[in-house]
Each structure stands twice: as C-alpha cells, then as structure tokens.
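> The following block contains a protein sequence and its predicted model.
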Amino acid sequence: MGRLNGKVAIITGAARGQGEQAARLFVREGARVLLTDVLDEAGEALAAELGPSARYLRLDVSREDDWARAVSAVAELGPLNVLLNNAAVVFARSIADTTLEDYQRVIGINQVGTFLGMRSVIEPMKHAGGGSIINVSSIDGLQSKNGLVAYSASKWAIRGMTKTAALELGQFGIRVNSIHPGGIDTLMGNPAGIATADLDRYYTLQAIPRVGQPVEVAWMAVFLASDEASYCTGSEYPVDGGWHAGQRNPGLPGA
Ligand SMILES: NC(=O)c1ccc[n+]([C@@H]2O[C@H](COP(=O)([O-])OP(=O)(O)OC[C@H]3O[C@@H](n4cnc5c(N)ncnc54)[C@H](O)[C@@H]3O)[C@@H](O)[C@H]2O)c1
C-alpha cells in the first residue's frame, strides 16, 4: 500500500526542482497526478517517464482560464484530493531598483497563482468529500532577506492565505497547510549550478550544516497530502535544516 493510494493530485511547477521530486514520490506512493508547468517539453517528458498514473498539462498559474482547464482535465483521473501549489519565480533586486512591473509579475505568479489554485479546487474537493491543499511558501515567508521585497511579500501572503483557507474549508474536510523550504539545491536555489559540496560551505553554521535536496521537501508534501496528516491544518511546516532555529555560535559552548 502506498501512502497516497487512490488519491488524485494536481502539482504546479512539476517539470523540475521540488515539483518534479514531488511528482515522482506521489506516483511512487500510489497517486494519479496531473503534472502542470509552463515548461511543456520537460513536463511532457517527465509524465511519459512516470507512466499511466501521470499526465501533463500546460498551466500558467497566473491565468484563471488555465486553472479552469486543469480542473476539467484532472477530473479524467478521478475526484480531486490534493493540490500542491508549488510553482513560483524568484526575483532579487533592492526595493529602490524594483519596478512596479517586476513587483506585480512576482505577485501575479506566486501570490495570485496560489489564490487562483485554492479557489479553483474548492468545489472539486468538496465533491470528493475532502482534500489537502499544500501551499509552498519559503523560509522567506517566515523572515526575509534584503533584495527579496517582491518574493518575500508573495511568500508571506501565501502563509496568511493558507490560514484563511484552512478556517473556511476545514468544515468541508479540506486541510490547508504551508511548507517553508530553506536553501534547496534546485535551479531556483542554486542558479549558478555550484557543486553541492561547495554549496554546503554556505550552511556551516546551520543546525544541519548542508544545503537541502528537493526530495527532502517533497517528502513533507507526501505527508501533508496523505491521511497521516488528518488532524493537520492551517500550519507552517519548515523544511530548512534548522535555519529558522538560529545559527550555531562558534564563540559559545556546544558549537
Ligand atoms: N530552491 C529553494 O531554495 C527554495 C527555497 C524556499 C522556497 N522555495 C519554493 O519552492 C518552490 C519550488 O521551487 P524550486 O526550488 O523547485 O524552483 P524551480 O525554479 O526549480 O521550479 C519552479 C517551477 O515553477 C515553474 N513556474 C514558474 N512560473 C510558472 C508559472 N507562471 N506557471 C506555472 N509554473 C511556473 C517553473 O517552470 C519551474 O518548473 C517554489 O514555490 C519556491 O518559491 C524554493
């Protein structure tokens, strides 16, 4: 028995990175998955590799009409149980150098995309008798960094929206939670493609002194999607190697 046996899921941003790893684990654990992204070639190839339990559909999360098409398409796999709102873009620029267009582009994908996704699945999940919505925020939705005004705003918004949705949808058996990855070795987290061993040097004072791997975040998504998480809603789940706990201080005992 897989941990997600019989469940039907939509994963956004599934063509690569954490979304790809989640798609692999979801299928391995028995789910039927609609993989979605704007990277059609990579998404199609992954769905073909994963076999009959996986399908690919183009879904730009910022487009309302794309969400309507995705909800229709997933119905062919069965009643919808899980939405993993994972797709996002990052944009690093000081506040002074961020144009309104830059800001609105990031908000449009990360924040509006998450809102549209949640709203689109309410009726199908009610029809299925309940479900799990998993919104991928970030460590930057719990704190922030210079240069991340638009990204951090979008990720804090996701954290807040998650709680509103949990309060509105719990009565229908729909759970809503947010995942907060720390530094993860994907194209987003490591755009220069630095070798993992070199990347680990940036994390020497973290409780777990290394960069995270995308599959480590995907396992949290499996848990929240599964019935193992039946009493979990409205909560924040960091997968950050202890980043949020603080940093080891070499000047104090125990370091
Ligand atoms: N990598 C990290 O260090 C890190 C840290 C904290 C949070 N996160 C979050 O984790 C999630 C996954 O990120 P990742 O590291 O796998 O990044 P990634 O860039 O490898 O993957 C993101 C995916 O989203 C897709 N995407 C982008 N815009 C889209 C749109 N408009 N519609 C649909 N799909 C779109 C991309 O094509 C890509 O496949 C994101 O929400 C990200 O903000 C990542």
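Received it, and whenever you're ready, just let me know what you need.
> Tell me the residue of the stretch 1-150 of the chain that sits nearest the ligand?
Residue nearest to the ligand within the stretch 1-150 of the chain (Cβ to the nearest ligand atom): residue 17, separated by 2.2 Å. To be clear about C-beta, it is placed using only N, CA and C from the backbone, and glycine gets the same treatment.
> go on, the stretch 101-250 of the chain?
residue 189 (2.6 Å).
> tell me the phi and psi of that residue?
Reported as degrees, to the nearest 10, the phi and psi values for residue 189 are phi -80, psi -20.
> just residue 2 next, same as before
Residue torsions, per degrees, to the nearest 10, at residue 2 are phi -80, psi 160.
> State the three-state secondary structure for residue 35.
Judged by DSSP: H, G, I helix; E, B strand; the rest coil, the three-state class of residue 35 is strand.
> Find the residue closest to it in space, skipping its chain neighbours.
residue 14 (3.8 Å; Cβ to Cβ, 6 or more residues apart in numbering).
> How about the helix or strand containing residue 124, which residues are buried there?
Counting by DSSP states H and E, the element that carries residue 124 is helix 112-128. For helix 112-128, a neighbour-count test (16 or more other Cβ atoms under 10 Å) marks 112-118, 120-122, 124-125, 128 as buried.
> where do the helices sit along the stretch 151-255 of the chain?
For the stretch 151-255 of the chain, the helices defined by DSSP state H, counting those that start in this stretch occupy 196-199, 214-225.
> Save those as a markdown table, and put in mean neighbour count, mean pLDDT and distance to the ligand too.
Shown next, in a markdown table, are the helices of the stretch 151-255 of the chain (neighbours: other Cβ atoms under 10 Å; pLDDT from 0 to 100; distance: least, Cβ to the nearest ligand atom, whole Å):
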| stretch | mean neighbour count | mean pLDDT | distance to the ligand |
| --- | --- | --- | --- |
| helix 196-199 | 12 | 95 | 10 |
| helix 214-225 | 21 | 99 | 6 |
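> so residue 153 makes contact with residue 104?
No. Judged on Cβ atoms under 8 Å, residue 153 makes no contact with residue 104 at a distance of 10.9 Å.
> Neighbour count for these two, which is higher?
residue 153 (18 against 12; other Cβ atoms under 10 Å).
> Spatially, which residue comes closest to the more buried one, not counting chain neighbours?
Distances taken as Cβ to Cβ, 6+ apart place residue 107 nearest to residue 153, at 6.8 Å, with adjacent residues excluded.
> backbone phi and psi for the one you found, please?
Residue torsions, per degrees, to the nearest 10, at residue 107 are phi -60, psi -40.
> related to what we said a few turns ago, ok, now how distant is the residue of the stretch 1-150 of the chain closest to the ligand from residue 123?
29 Å (Cβ to Cβ, to the nearest Å).
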